[in-house]
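Chemist: no sequence for this one, just the structure:
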């Protein structure tokens, strides 16, 4: 509890899914919360749940891809609470489509939110975290930041970039003797609305495949995922693998190296119909 009680924690993408359950988990551990999302209705629902727990909470609409807005937000949060201790750069979007099918703007949008959103949040809050004397940056990458999958080039690009950025940040904080810990989170299949809300190449989305993806690959509850992440934060883990799928596939990549790609594709062809049509 001492890792969280009384600490000020910032959570982006808190309007639903893992962002919401992270905020609730932090509230139960006694943290003070600054929560944000572009989905104001979802964010309001999160705030109501936090207030039921008796949490001190500030909420703001925030698009993490808008750098100047994030910089202003960081200053406003520090002015409100007087300090910031933990930043969970969690907001993200997904997109499905081959590189041939995808428009430049589709790839750019995913990278803007999923990568630059993490960079913006980290850069905006890092001086304040150092000043706190007890800071922690928690950046959400993905299982897709460990291995690549077809039709996920935009998402893979952003999540691999988050991993590299976060690992470099941890080394810099250690080398510089700064009082900021750094954790990179790699969730596997968590039951959120990410697949339902994902963008897609082409005029229509394959609803049957989305349903199959939700059923077959998204197994862990966001509540359980949040518990694993917060436990990893409390233990100052450099990397938190969320779920048996994330741990198993991470091990596979470590053992096989780039050779994982062919057997992975064969598995995907049996599970996901679109893998047969690439």
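Modeler: Right, received. Where do you want to start? Small disclaimer: the values here were computed from a predicted structure and weren't measured. Numbering: from 1, shown residues only.
Chemist: what sits opposite residue 96 in the beta ladder?
Modeler: residue 200 (DSSP bridges).
Chemist: from residue 262, how far off is it?
Modeler: From residue 96 across to residue 262, the span is 21 Å (C-beta to C-beta, to the nearest Å). To be clear about C-beta, it is placed using only N, CA and C from the backbone, and glycine gets the same treatment.
Chemist: more neighbours, these two?
Modeler: In this view residue 96 and residue 262 are compared by other C-beta atoms under 10 Å, and residue 96 has more residues nearby, 26 against 10.
Chemist: could you point out which element follows the least confident helix or strand in the chain by mean pLDDT?
Modeler: Lowest by mean pLDDT, DSSP states H and E among the helices and strands of the chain is helix 207-217, with a mean of 52. Of the helices and strands lying after helix 207-217 in sequence (DSSP states H and E), the nearest is helix 222-234.
Chemist: show me what that next one is packed up against.
Modeler: Contacting helix 222-234 under the criterion 3 or more C-beta pairs under 8 Å, 6 or more residues apart in numbering; DSSP states H and E are the following elements: helix 17-28, strand 135-140, strand 180-187, strand 239-242.
Chemist: got TSV for these, with mean neighbour count, mean pLDDT and distance to residue 253 too?
Modeler: Shown next, in TSV, are those (neighbours: other C-beta atoms under 10 Å; pLDDT from 0 to 100; distance: least, C-beta to C-beta, whole Å):
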stretch	mean neighbour count	mean pLDDT	distance to residue 253
helix 17-28	25	97	23
strand 135-140	25	98	19
strand 180-187	24	97	11
strand 239-242	22	96	12
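Chemist: can you redo the ones you listed as CSV with distance to residue 69?
Modeler: Formatted as CSV, those follow (distance: least, C-beta to C-beta, whole Å):
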stretch, distance to residue 69
helix 17-28, 17
strand 135-140, 19
strand 180-187, 23
strand 239-242, 28
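Chemist: among these, which is nearest residue 11?
Modeler: Among those, the nearest to residue 11 by C-beta to C-beta is helix 17-28 (4.7 Å).
Chemist: partners of the helix or strand following that closest one in the sheet?
Modeler: Sequence order places strand 32-37 as the next helix or strand after helix 17-28, per DSSP H and E. Sheet pairing for strand 32-37, assigned by DSSP bridges, gives strand 8-11 (parallel), strand 57-61 (parallel).
Chemist: need the contact partners of the longest one.
Modeler: Right, the one you point to is strand 57-61. 14, 27, 32-38, 40, 43-44, 46-47, 50-51, 73, 76-77, 80-81 (C-beta atoms under 8 Å, 6 or more residues apart in numbering).
Chemist: sort out which of those residues are buried, if you could.
Modeler: Among these, those buried by neighbour count (16 or more other C-beta atoms under 10 Å) are 14, 27, 32-38, 43, 46-47, 50, 73, 77, 81.
Chemist: give me whichever of the strands paired with strand 32-37 is most buried.
Modeler: Compared across the strands paired with strand 32-37, strand 8-11 shows the largest average neighbour count, a mean of 27 (mean count of other C-beta atoms under 10 Å).
Chemist: neighbouring contacts of that one?
Modeler: With C-beta under 8 Å, 6+ apart, strand 8-11 has contacts from 19, 22-23, 26, 31-36, 77, 81, 83-88, 90, 121, 125.
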